[in-house]
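A.B. asks: Okay, structure incoming, though there's no sequence with it:
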């Protein structure tokens, strides 16, 4: 099997050239079936915007722990805010992951119906006092990532035999999270016990990762081996998650991946986790089942599925 992730130019996923869009969709489909990961170029996000968001994240993580804990995720019921080192365990049988993070959700107006109703994942973002540009910079990047995900979903729909706008009504109010991350260098020889991010699959539909200057991400092949995902300038690393796997009735299969920072210095990355709307009906797609392939999962909703997965991730801190 190949030791390189597919590299896909997604520029055609805008509906301007139907034939080119279908070719790109077929490339996406092959990647989602074969490995569940791919590099995306042609995404339209300027390097300057990516660099500015990394700079804002570095400035945040450089603040004192006291300042960061003032906006800790434990102060939010909606998965927003600062996550200190070891507060999260993607593998609950291992020590907490060696990373610190900050989560930004979709920014909601004060009169948003979901916020007023107290729906899960519909609360306000928590914003640090400094750096002062963190809010504006991360929200602009959030919006850019949402547009990329909407284009990718056109490709997924076409590949799965659906109209290109099939997902649009289910992802226009997404339960999306921008997570900026900092990984300390691994202390000493790696023994498989302490991870930057323990082996896991992602929860939602698709994840878009900007790796910064240092890699550290490894992806599990279908045969069980692990391959590196090196930094490719100008390209995002993308992967499908468990929710889209469920929707597609396991035609697309999410892939375990892990992070260990062997670079000898701090590693920064930015992951955009794109989950569907809270009320999106996550049930087997009409083109993904047959007499020989009945639906494999009970129907659920975007919010119910995300809550189930997050509760498991943070449960070890409550034990």
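C.D. replies: Great, that's in hand. Keep in mind the model is a prediction, meaning the values are calculated, not measured.
A.B. asks: what about the protein, any weak spots by pLDDT?
C.D. replies: Across the chain, the ranges flagged by pLDDT under 70 are 1-2, 187-191, 312-319.
A.B. asks: so how far is the longest helix along the chain off the chain centroid?
C.D. replies: Using DSSP state H, we find that the single longest helix of the chain is helix 134-159. Counting by C-alpha atoms, centre = their mean, to the nearest Å, helix 134-159 is centred 11 Å from the centre of its parent chain.
A.B. asks: same for that helix, what does it pack against?
C.D. replies: Here helix 134-159 touches helix 18-34, helix 47-61, strand 100-105, strand 177-183, strand 206-210, strand 267-274, going by 3 or more C-beta pairs under 8 Å, 6 or more residues apart in numbering; DSSP states H and E. For glycine as for every other residue, the C-beta is placed from the backbone atoms N, C-alpha and C.
A.B. asks: Can you add distance to residue 247 and give the ones you listed back as a markdown table?
C.D. replies: Formatted as a markdown table, the helices and strands packed on helix 134-159 follow (distance: least, C-beta to C-beta, whole Å):
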| stretch | distance to residue 247 |
| --- | --- |
| helix 18-34 | 12 |
| helix 47-61 | 29 |
| strand 100-105 | 22 |
| strand 177-183 | 19 |
| strand 206-210 | 11 |
| strand 267-274 | 13 |
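A.B. asks: Mean neighbour count and distance to residue 246 added to these, as a markdown table?
C.D. replies: Listed next are those as a markdown table, based on neighbours: other C-beta atoms under 10 Å; distance: least, C-beta to C-beta, whole Å:
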| stretch | mean neighbour count | distance to residue 246 |
| --- | --- | --- |
| helix 18-34 | 18 | 13 |
| helix 47-61 | 17 | 30 |
| strand 100-105 | 22 | 22 |
| strand 177-183 | 23 | 19 |
| strand 206-210 | 24 | 13 |
| strand 267-274 | 24 | 15 |
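A.B. asks: what's the closest of the ones you listed to residue 150?
C.D. replies: strand 267-274 (8.9 Å; C-beta to C-beta).
A.B. asks: who touches that closest one?
C.D. replies: Outside strand 267-274, the residues within contact range by C-beta atoms under 8 Å, 6 or more residues apart in numbering are 50, 53-54, 57-58, 61, 141-142, 145-146, 149, 171, 174, 176-183, 185, 196, 202-214, 216-217, 241, 261.
A.B. asks: How about stretch 159-174?
C.D. replies: Applying C-beta under 8 Å, 6+ apart, the set of residues contacting stretch 159-174 is 15, 21, 25-26, 28-29, 32, 106, 114, 146, 149-150, 153-154, 156-158, 205, 248, 251, 274-278, 280-281, 285-288, 302.
A.B. asks: ok, now which ones touch the closest residue to residue 38 other than its chain neighbours?
C.D. replies: Residue nearest to residue 38 in three dimensions, not counting chain neighbours: residue 31, with 4.0 Å by C-beta to C-beta, 6 or more residues apart in numbering. Residue 31 is in contact with 5, 6, 8, 37, 38, counting by C-beta under 8 Å, 6+ apart.
A.B. asks: Quick check: the farthest pair among those residues?
C.D. replies: Most distant of those, by C-beta to C-beta, are 8 and 37, 10.6 Å apart.
A.B. asks: tell me which residues in stretch 219-229 are buried?
C.D. replies: Residues of stretch 219-229 classed as buried: 219, 220, 221, 227, 229 (neighbour count, 16 or more other C-beta atoms under 10 Å).
A.B. asks: In strands, which of the residues you listed fall?
C.D. replies: Secondary structure defined by DSSP state E assigns 219, 220, 227 of the buried residues of stretch 219-229 to strands.
A.B. asks: now, which of the residues you listed sits nearest residue 266?
C.D. replies: Closest to residue 266, out of all of those and judged by C-beta to C-beta, is residue 219, at 22.2 Å.
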